[in-house]
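Participant: coordinates only, sequence not included:
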C-alpha cells in the first residue's frame, strides 16, 4: 500500500558552501553543516533534521494516543540526539528522551515509552527503507 506524499526538496543556495534551501510542506528553511565541516552553521544538519522528524513523529503519536485514552498528559517534550558509534552495526544511534508532565501513573508512563516505539518514523529508522533515485535535467 502506498500513501500520497508531499514532495520535499533541497536546492543548492549557490553560495559555495554546504547550505541548501529546504522546501518541506509549507515551510522553507536553510540546512547546513557546522563550520568545521565546511558549512556556515546557518541551519540544522541533515542528521538533525532526521532527529527532528523522529521527535516530531513521536510527540504526535503520544498526543494522539493520550487523547484517545483520555489520559491527563500535561506539557511534554521529546528530545532526540544523534551520534555515530563505529563499534556498533549499524553505527548510527538516536537517543530519545520523553519528558512527560501531567498526572500520569507509572504504568501510563511505561505505556507511553512503548507507544513511542510505534511511531512511524521510529519504525522506518529501525526497519530500514528503500530509496529509489532517478535523474532529471534542471532547465535554466
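Facilitator: Looks like it arrived, so ask away. From a predicted model like this one, the values you see are computed outputs, not experimental measurements.
Participant: domains of the protein?
Facilitator: As recorded under automatic domain parsing, the domains making up the chain are 1-43, 45-129.
Participant: longest helix in the protein, by residue count?
Facilitator: helix 46-69 (DSSP state H).
Participant: now that helix: buried residues?
Facilitator: In terms of neighbour count (16 or more other C-beta atoms under 10 Å), helix 46-69 has its buried residues at 49-51, 53-55, 57-59, 61-62, 65-66. (Each C-beta comes from the backbone N, C-alpha and C, glycine too.)
Participant: also stretch 114-122?
Facilitator: For stretch 114-122, the buried set under the neighbour-count rule, 16+ other C-beta under 10 Å, comprises 115-116, 119, 121-122.
Participant: quick one: residue 32 from residue 137, how far?
Facilitator: Distance of residue 32 to residue 137, given as C-beta to C-beta, to the nearest Å: 27 Å.
Participant: hang on, I meant residue 80
Facilitator: 37 Å.
Participant: distance across stretch 112-129, terminal residue to terminal residue?
Facilitator: 25 Å (C-alpha to C-alpha, to the nearest Å).
Participant: before we move on, what about stretch 125-134?
Facilitator: Stretch 125-134 stretches 22 Å from its first residue to its last (C-alpha to C-alpha).
Participant: and the contacts of that stretch?
Facilitator: Residues from elsewhere that reach stretch 125-134 (C-beta atoms under 8 Å, 6 or more residues apart in numbering): 50, 54, 94.
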